[in-house]
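J.: whatever this is, show me its structure:
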Amino acid sequence: MVTTNVVVGILGNIISILTFTSPIAQFRQIVKKKSAENYNGTPYVATLLSCSLWILYGLLDPKDGLLIVTVNAAGATMQAVYLVLLLIYSSKEKRVQYFGFVILDIVFFGMVLAFTLVAFQEGSRRTFTGVLCATFTLMMYASPLATLRTTIKTKSVEYMPILLVLSLFLNGCVWLTFALLVKDIYVIVPNALGILLGSVQVIVYIIYYNSTPKASELDKGCFDKQIETRGIDIQHLNVKSTVARTEKRTLTRLDAFQVIRSPSLSPKRSTTDQQRDDDIEHGL
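T.: Predicted coordinates:
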């Protein structure tokens, strides 16, 4: 017989997988451009580690951990695919950086696995891994808070990833319900805090949504600015044309008058010779 917690867990699997698929649109653009440009791949490294730890946590609880294992196995697989694409299409410097982070993930997960199996008894292993998983999950829910300060400062929700916020909020609600049904404190705490953080972000979004310029207003503003700029350019051209016509008119008026050159004495003729010629001309 299918129990309520199984139904909720399956619903949580579906919502979580949809959340994991949210970056697909961006990666399509990366593959199309054949360049990751300045795309940040650090969140995928952190999510890969978080999913790996949750898989370990689920395996330590054979009774209620199966649904936790399935969703995080899907999540870890998708993060690995995203990282492979980033390694292919990123610059050489970023490839080295991401490859180093992946190696750190593997080393850290191996250390946690070894420490869990060696240092703890069977009853305490879930406690240790549960604390780690809760910490990483809380960091995942808090990741959109980076844009919250920008939203409040600019009074604009343009840069708030509302779809991611809503999906994380809904994801937290479903998994909190599941955790309450199976009475798992390590799933309850991070998802309860995730719901609280998500609620704050949704409230901020609602507050500043109306103050965010619409796309049509932005286009109109740009169009008005272009008209204003072109108007200034036309005025500048008209001024230059007027000045050019004035200068041409001035030159034309000057050309209307003949230039009378005054006779100058030749350097080869003396003043006495010039006077003699004048006397002969007058019959003297």
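
J.: tell me the SS of residue 211?
T.: Per DSSP: H, G, I helix; E, B strand; the rest coil, the secondary structure class of residue 211 is coil.

J.: my guess is it contacts residue 158. True?
T.: No - checked against Cβ atoms under 8 Å, the pair residue 211 and residue 158 is beyond contact range at 10.6 Å. (Each C-beta comes from the backbone N, C-alpha and C, glycine too.)

J.: residues near residue 150, how many?
T.: The number of residues packed around residue 150, counting by other Cβ atoms under 10 Å, is 13.

J.: and residue 91, by the same measure?
T.: Residues near residue 91, counting by other Cβ under 10 Å, number 12.

J.: so what touches stretch 71-84?
T.: With contacts defined as Cβ atoms under 8 Å, 6 or more residues apart in numbering, stretch 71-84 is touched by 12-13, 16-17, 20-21, 23, 27, 41, 44-45, 47-48, 51-52, 54-55, 58, 98, 102.

J.: among these, which lie within helices?
T.: The helices, defined by DSSP state H, take in 12-13, 16-17, 20, 27, 44-45, 47-48, 51-52, 54-55, 58, 98, 102 from the contacts of stretch 71-84.

J.: filter those residues down to the buried ones.
T.: Buried positions within these, assessed by neighbour count (16 or more other Cβ atoms under 10 Å), are 12-13, 16, 20, 27, 44-45, 47-48, 51-52, 54-55, 58, 98, 102.

J.: let's see the helix or strand harbouring residue 30 as CSV, backbone CA atoms only.
T.: Residue 30 belongs to helix 24-33 when assigned by DSSP states H and E. Extracted C-alpha coordinates of helix 24-33, given in CSV (Å, rounded to 0.1, in the frame of the first residue of the first chain):
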residue,chain,number,x,y,z
ILE,A,24,19.3,23.9,-19.3
ALA,A,25,18.3,27.0,-21.2
GLN,A,26,21.6,28.7,-20.4
PHE,A,27,23.6,25.7,-21.3
ARG,A,28,21.8,25.5,-24.7
GLN,A,29,23.2,29.0,-25.4
ILE,A,30,26.6,27.9,-24.2
VAL,A,31,26.6,24.9,-26.6
LYS,A,32,25.2,27.1,-29.4
LYS,A,33,27.9,29.8,-29.0
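
J.: flag every buried residue along it.
T.: When neighbours are counted by 16+ other Cβ under 10 Å, the buried residues of helix 24-33 are found to be 27, 30.

J.: what sits up against it?
T.: Applying Cβ under 8 Å, 6+ apart, the external contacts of helix 24-33 come out as 36, 37, 39, 82, 85, 86, 89.

J.: list the residue ranges of the stretch 101-250 of the chain that fall below the pLDDT cut-off.
T.: Segments of the stretch 101-250 of the chain classed as low confidence (criterion: pLDDT under 70) are 143-144, 146, 159, 161, 212-250.

J.: run through the helices of it in chain order.
T.: Under the criterion DSSP state H, counting those that start in this stretch, the stretch 101-250 of the chain carries helices at the ranges 122-142, 148-154, 162-182, 185-209, 215-256.
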